[in-house]
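*Asks:* Pasting the sequence and the predicted model now:
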Amino acid sequence: IADRTGAKPIVRVGGTSLDHSFYNRSLNTWAVIPGNGRGVVKNVTFGPSYFDVFRNWSNVTYTIDCPLAYKNLNQTLQFAEDAYRVVGHDNIAAFEVGNEPNLYVNVDRPSQYGPTQWVKEWTHYSTSIADALNLSTSQRHFQTLAISHNDPAWDVQNVFPDGLNNVTQRISSAAFHYYDLQRGNTQMQGQLMNHTFMRRKMAYVADAVSWMKQHHSQIPVMMNEVGAGEVANRTLEASFGAALWLSDYLLYNMAIGVARGNYQQGTGFAFSLWQPVQRDGRAPEVMPIYYGMLFAAEFLGRSGNVRVKEIGGHHDTLAAYAAYEGGNLARVAIVNLNLWEQSKARTSTNVTLHVPSDVQNVTVRRLTSTVGAAGLDPRNVTWAGLVYTKANNGLGRLVGSASESVNVQGQDASLVVNASEAVIVHVAS
């Protein structure tokens with residue numbers, strides 16, 4: 001991602017487990033994990049050496065979740081102080097106080113708990129952390145909200161007037177979470193590989209972006225926890241079909257004005273981009289869904305001055321986006337979400353792009369699979385002719401054509417996009 005965009009990734013460390021954890025400065029190991037450590041584990045006790053692992057990546061910055069759920073302020077302050085000391089000011093993009101507070105009700109808080117009560121807690125904790133670290137509360141050190149899903153009571157339109165309006169100067173971003181497949185949603189074509197399904201689920205985020213631009217334009221909206229699904233179905237959530245979903249999803253976020261996104265990772269999560277260690281019978285490996293990140297990063301580009309627009313109308317199984325740099329068309333992405341399975345004939349869509357008059361040819365790069373959307377073997381997937389596997393240490397190995405050139409005739413470039421395939425068309429004058 002850093003190589004393709006020229007910017008440091010921001011790694012968000014946190015979630016339900018960290019928010020429901022303890023901190024012990026006297027602990028002589030990095031953590032004590034209860035039970036078998038599977039799933040979303042609560043009641044982990046962390047020690048100071050936990051922060052040593054943050055030094056393993058030198059080219060990233062971190063958003064660090066500080067526990068709120070158990071309301072143990074002293075432990076939270078010690079956690080934040082040690083994180084700040086070890087990780088360092090320049091390597092911390094933001095602190096996040098708590099996680100998914102809309103799910104605290106009847107679990108960590110009483111039934112009457114809501115945004116008004118949470119804002120008071122969040123303000124108290126963020127003030128206390130800033131004081132402990134000698135940070136100014138008039139500077140943007142804190143990411144807020146981290147709401148789990150579309151929950152109208154917790155929309156920005158309600159929560160900011162409930163009290164966040166009084167502390168906007170300390171807020172770096174407003175964050176939401178998104179999982180495409182949830183309980184009862186397990187269709188590859190009808191839900192995961194369906195642009196309309198995704199757009200409908202993201203409507204509340206698009207509304208939040210619009211409201212924030214109007215009322216707090218200095219505070220961007222982030223999707224700081226994203227996953228293909230919450231149904232623990234690896235055949236869907238880690239598949240090549242999920243890579244196409246992720247490509248479409250990330251580009252749609254760019255188009256509606258979401259500033260950044262963090263894809264959720266976990267050693268036992270079905271939707272992870274890669275499996276880092278041997279676990280539950282699964283060997284370390286790059287998962288096909290990872291290719292969606294490569295696709296989106298290349299589309300975003302390195303200029304730092306890109307604007308993305310959704311084009312071509314709204315369709316269930318076809319999505320298209322244009323990237324402009326300095327006001328000029330630079331790239332077009334087309335994601336064909338039509339489900340193709342290896343046992344069936346592969347359909348395709350003919351696409352004609354109208355390009356500027358000084359463009360004589362365009363370059364096409366493809367994200368495709370030889371076995372279709374259900375494929376789980378990364379060796380059957382290529383992005384721009386490159387395959388990414390554990391055997392190559394996660395680095396691309398060229399196995400096919402990196403790109404193809406298409407001549408422009410009368411300002412039109414014509415190409416074919418196969419079912420279960422995505423392309424990026426680079427436009428150069």
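*Replies:* Yes, it's here.
*Asks:* and the residue lying closest to residue 188 once chain neighbours are set aside, what is it in contact with?
*Replies:* Leaving out its chain neighbours, the residue that sits closest to residue 188 by CB to CB, 6 or more residues apart in numbering is residue 241, at 5.4 Å. Every C-beta, even on glycine, is put in place using the N, C-alpha and C of the backbone. Residues near residue 241 by CB atoms under 8 Å, 6 or more residues apart in numbering: 188, 192-193, 339, 373-374, 420.
*Asks:* what is the mean pLDDT for stretch 2-9?
*Replies:* Confidence for stretch 2-9, expressed as mean pLDDT, is 89.
*Asks:* Quick check: buried residues in it?
*Replies:* Of the residues in stretch 2-9, those with enough neighbours to count as buried (16 or more other CB atoms under 10 Å) are 4-5, 9.
*Asks:* just stretch 284-301 next, same as before
*Replies:* Neighbour counts using 16+ other CB under 10 Å place 285-301 of stretch 284-301 among the buried residues.
*Asks:* Okay, and which of the buried residues of stretch 2-9 map to helices?
*Replies:* Where the buried residues of stretch 2-9 overlap with helices, as defined by DSSP state H, the overlap consists of 4-5.
*Asks:* and which of the buried residues of stretch 2-9 is nearest residue 135?
*Replies:* Distance to residue 135, by CB to CB, is smallest for residue 9 among the buried residues of stretch 2-9, at 23.1 Å.
*Asks:* That closest one reaches residue 2, doesn't it?
*Replies:* Yes. Taking contacts as CB atoms under 8 Å, residue 9 lies within contact range of residue 2: 5.9 Å.
*Asks:* overlap in contacts of those two?
*Replies:* Common neighbours of residue 9 and residue 2, counting by CB under 8 Å, 6+ apart, are 59-60.
*Asks:* Please verify my assumption that residue 54 contacts residue 84.
*Replies:* No. Taking CB under 8 Å as the definition, residue 54 is not a contact partner of residue 84, at 11.2 Å.
*Asks:* Contacts for stretch 23-39 next, please.
*Replies:* Contacts of stretch 23-39 from elsewhere in the structure, counted by CB under 8 Å, 6+ apart, are 41-50, 52-53, 67, 75-76, 78-79, 82, 268, 280.
*Asks:* Among those, which ones are in helices?
*Replies:* Among the contacts of stretch 23-39, the members falling in helices (DSSP H) are 75-76, 78-79, 82.
*Asks:* Buried only: go through these for me.
*Replies:* Neighbour counting by 16+ other CB under 10 Å classes 75-76, 78-79, 82 among the ones in helices among the contacts of stretch 23-39 as buried.
*Asks:* Out of the residues you listed, which comes closest to residue 163?
*Replies:* Checking these against residue 163 by CB to CB gives residue 76 as the nearest, at 19.7 Å.
*Asks:* List the residues that contact the closest one.
*Replies:* If you count contacts by CB under 8 Å, 6+ apart, then residue 76 has 23, 66-68, 125, 128-129 around it.
*Asks:* Which ones among those map onto strands?
*Replies:* Applying DSSP state E to those, the entries found in strands are 23, 66.
*Asks:* Okay, buried residues for the one helix or strand residue 362 maps to please.
*Replies:* Mapping residue 362 onto the secondary structure by DSSP states H and E places it in strand 361-369. If you call a residue buried by 16+ other CB under 10 Å, then strand 361-369 has these buried ones: 362-369.
*Asks:* Same list (those residues) but as TSV, adding distance to residue 397 and pLDDT.
*Replies:* Shown next, in TSV, are the buried residues of strand 361-369 (distance: CB to CB, whole Å; pLDDT from 0 to 100):
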residue	distance to residue 397	pLDDT
362	26	98
363	21	98
364	21	98
365	16	98
366	16	98
367	16	98
368	16	98
369	16	98
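*Asks:* Of all pairs in these, which one spans the longest distance?
*Replies:* Based on CB to CB, the longest span within the buried residues of strand 361-369 runs between 362 and 369 and measures 23.1 Å.
*Asks:* Can you check what angle separates the helix or strand containing the residue nearest to residue 188 from strand 361-369?
*Replies:* When secondary structure is defined using DSSP H and E, the element that contains residue 241 is helix 240-256. Relative orientation of helix 240-256 versus strand 361-369 (axes from the mean of the first three to the mean of the last three CA atoms, to 10 degrees): 140 degrees.
*Asks:* Spatially, what comes nearest to residue 299 if we skip its sequence neighbours?
*Replies:* What sits nearest to residue 299 in space, not counting adjacent residues and going by CB to CB, 6+ apart, is residue 333, at 5.0 Å.
*Asks:* The helix or strand bottoming out on mean pLDDT in the chain: how far from the chain's middle?
*Replies:* For the chain, counting by mean pLDDT, DSSP states H and E, helix 2-5 ranks last in confidence among helices and strands (a mean of 88). For helix 2-5, the separation from the chain centroid amounts to 16 Å (computed by CA atoms, centre = their mean, to the nearest Å).
*Asks:* Any chance you could list what contacts it?
*Replies:* Counting by CB under 8 Å, 6+ apart, 8-9, 59-60, 294, 297-298, 300-302 sit against helix 2-5.
*Asks:* got it, and stretch 410-418?
*Replies:* Counting by CB under 8 Å, 6+ apart, the neighbours of stretch 410-418 from elsewhere in the structure are 334, 336, 340, 346-357, 359, 361-362, 364, 368, 406-407, 423, 425.
*Asks:* what do you get if the cut-off is 6 Å, keeping everything else the same?
*Replies:* Stretch 410-418 has contacts (CB atoms under 6 Å, 6 or more residues apart in numbering) with 334, 336, 346, 348-355, 357, 362, 364, 406, 423.
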